[in-house]
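J.: A predicted structure for the sequence below; I have some questions about it.
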Amino acid sequence: MRNLRYLIALFLAAFALRAAYDLRQPAHAIVQDTGSFDSIAWNVATHDEYDAPWDLRVEGRYDGREIVPTTYRPPSYVLFLAAIYKTAGHSVTAVLLVQALMGALLSLMIFQLARQVSSNPWAPWLAGSMAAFYPFFIYYEGEIISDGFVTFCTVLCLLLFFAWREKPLSWLRAAACGLGFAVLILAKTLLIPYVLVLIAWYVFETPAGAERVQRWARLALMGIMFAAPLVLWGLRNKHVMGKFVLDTHGGKTSVECIMFYTQCKQGTFGPFFKDQPLQKAAMGLGEVQMDTLYLNATRQFIREHPARYLRQSLGNLKDFWRLYPRQDLDYKEGRLKITLISVTTESFLLIAGLIGVIKTRARWRSLVPLYLLIVVLSGLHALTTGQMRYRLPLMPLAIIFSAAAVTP
């Protein structure tokens, strides 16, 4: 009973902190990527149509132009926003308060996940407390972009997977885990390889014996429940837009972050790209055709410049794991302020987290889902685009391993 009171206090403290931050400056919730999520979600809420203004794919802003079907953003976070708009109207405050609740729940979920990593009874409490006060959870949960939502879904999926592993013959747990993975992927499609590798690992890791076929059957159900929503979404896009795709965000992103890597890192890609032949060739194309053109151009660039692509990938990996933000860019919060916060928190969590990984190595077999997530997400962002914000889904693991490192 005492533990329950402490958990309630932790939840309330986490929520109060987030709500206070969000309500103090709600205008900070509107950032560069907000427009695409917000405009699609509002159209879903008001017209029940997954539509967006056409120039969303060209300039990333809403100006009331022709509304057309889109798959520029995958649906999980968009539908999350649409449900809030349907209930509370077009309210930034309502979104931020719901995301504050989500962040408070995340602290409790990290508490629970930490019990899978460390046998010390204090480690989960320390991990949950650090999560409640971790500044970058609060920061990204206070913006209308998908980063906080993806982090929440990632931890939820890990908990569902560990729950299935405790009772691997449970059909219900296997199905719930598969659906959880589907929601996660339909928020961040880049993580598809992680789910496939994880399921494949446990297919081959299942020991021989009477239960092997039964476990494989549950894993097959997990895979089906994971794949079915993705297939349905892809078929919707094929019917509406003419091609089986999960989103059309990757093409422009790959051109910016791979082909024009230098301009991307300098923050000058937008004005630079306007005069490029590739941009002119894309004008007048539909959303899917434009995405295909950009992806094909990026693949050709990689084939023609493999060494350059390797160097860029190593640079992305460095930026993904850096301890403080780049000092050649300006930040709305102030460069000095965000640098001091980053150095204080990230240095401790990443170094102590690595120590925690080493300390818990005897339990490596049970922690494979966590190791795979770290390796796969790091590798995928090295190959595509590397920024500190994209490692947010891994920070719960850094917090948990840090807690394991500093407790006996």
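T.: Thanks, I have it.

J.: remind me which residues of the stretch 51-200 of the chain are low pLDDT?
T.: In the predicted model of the stretch 51-200 of the chain, residues 53-66 satisfy pLDDT under 70.

J.: quick one, strands of it?
T.: 51-53, 67-69 (DSSP state E, counting those that start in this stretch).

J.: okay, these in a markdown table with distance to Leu349 and mean neighbour count next?
T.: From N, CA and C alone the C-beta is placed, and that goes for glycine too. Putting the strands of the stretch 51-200 of the chain into a markdown table (distance: least, C-beta to C-beta, whole Å; neighbours: other C-beta atoms under 10 Å) gives the following:
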| stretch | distance to Leu349 | mean neighbour count |
| --- | --- | --- |
| strand 51-53 | 37 | 23 |
| strand 67-69 | 42 | 16 |
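
J.: which one of the ones you listed lies closest to Glu333?
T.: Among the strands of the stretch 51-200 of the chain, strand 51-53 comes nearest to Glu333, with 29.0 Å by C-beta to C-beta.

J.: still on that earlier bit, a markdown table for the strands of the stretch 51-200 of the chain, including distance to Thr206?
T.: Putting the strands of the stretch 51-200 of the chain into a markdown table (distance: least, C-beta to C-beta, whole Å) gives the following:
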| stretch | distance to Thr206 |
| --- | --- |
| strand 51-53 | 44 |
| strand 67-69 | 43 |
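
J.: nearest to Pro325, of those?
T.: strand 51-53 (30.3 Å).

J.: so, low pLDDT: which residues of the stretch 301-408 of the chain?
T.: Judged by pLDDT under 70, the stretch 301-408 of the chain has its weakly predicted residues at 328-329.

J.: figure out which of the strands of the stretch 51-200 of the chain is closest to Val255.
T.: Within those, the stretch nearest Val255 is strand 51-53; the backing value is 19.7 Å (C-beta to C-beta).

J.: contacts for stretch 173-188?
T.: Residues outside stretch 173-188 that contact it (C-beta atoms under 8 Å, 6 or more residues apart in numbering) are 74-77, 146, 149-150, 153-154, 156-157, 160-161, 163-164, 167-168, 191-192, 195, 218-219, 221-230, 233, 246, 393.

J.: measure the closest residue to Thr206 other than its chain neighbours to Trp171 for me?
T.: In space, and not counting its chain neighbours, Thr206 is closest to Arg215: 4.9 Å by C-beta to C-beta, 6 or more residues apart in numbering. For Arg215, the distance to Trp171 equals 12 Å [C-beta to C-beta, to the nearest Å].

J.: elements contacting the helix or strand where Pro396 lies?
T.: Remark: Pro396 resides in helix 395-406, with elements defined by DSSP states H and E. Packed against helix 395-406 by the contact rule (3 or more C-beta pairs under 8 Å, 6 or more residues apart in numbering; DSSP states H and E) you find helix 92-114, helix 122-133, helix 147-166, helix 335-359, helix 368-383.

J.: the last one packs against which elements?
T.: Contact analysis of helix 368-383 by 3+ C-beta pairs under 8 Å, 6+ apart lists helix 147-166, helix 192-205, helix 306-320, helix 395-406 as its packing neighbours.

J.: isn't Ser378 up against Lys318?
T.: No. Applying C-beta atoms under 8 Å as the test, Ser378 and Lys318 come out as separate, 11.0 Å apart.

J.: and the two? Which one has more around it.
T.: In this view Ser378 and Lys318 are compared by other C-beta atoms under 10 Å, and Ser378 has more residues nearby, 18 against 11.

J.: quick check: Thr253 touching Thr384?
T.: Yes. Shown here, Thr253 and Thr384 form a contact pair, counting by C-beta under 8 Å, at 7.2 Å.

J.: higher neighbour count, Arg215 and Trp171?
T.: In terms of neighbours (other C-beta under 10 Å), Arg215 is the more surrounded of Arg215 and Trp171; the figures are 20 against 13.

J.: check which helix or strand covers the more buried one.
T.: In this structure, Arg215 is located in helix 212-241 according to DSSP H and E.

J.: please identify the buried residues of stretch 334-343?
T.: Residues of stretch 334-343 classed as buried by neighbour count (16 or more other C-beta atoms under 10 Å): 338-339, 341-342.

J.: let me see the contact set for the residue lying closest to Val197 once chain neighbours are set aside.
T.: For Val197, the nearest residue in space outside its immediate sequence neighbours is Leu372; the separation is 5.9 Å by C-beta to C-beta, 6+ apart. With contacts defined as C-beta under 8 Å, 6+ apart, the neighbours of Leu372 are 194, 197-198, 201.

J.: how close does Leu372 get to Gly180?
T.: Using C-beta to C-beta, we find Leu372 at a distance of 16 Å from Gly180.

J.: same check, this time on Thr248
T.: Between Thr248 and Gly180 the computed distance is 25 Å (C-beta to C-beta).

J.: possible to save the contacts of Leu372 as CSV with distance to Glu304 and neighbour count?
T.: Converted to CSV, these look like this (distance: C-beta to C-beta, whole Å; neighbours: other C-beta atoms under 10 Å):
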residue, distance to Glu304, neighbour count
Tyr194, 29, 23
Val197, 29, 14
Leu198, 34, 22
Trp201, 35, 13
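
J.: from Ala307, how far off is Leu380?
T.: As for Leu380, its distance to Ala307 is 20 Å (criterion: C-beta to C-beta).

J.: more neighbours, those two?
T.: Neighbours of Leu380 and Ala307, each counted by other C-beta under 10 Å, are more numerous for Leu380; the result is 20 against 7.

J.: let me see the contact set for that one.
T.: The neighbourhood of Leu380, defined by C-beta under 8 Å, 6+ apart, consists of 190-191, 193.

J.: ok, now Leu230?
T.: With contacts defined as C-beta under 8 Å, 6+ apart, Leu230 is in contact with 182, 185-186, 246.
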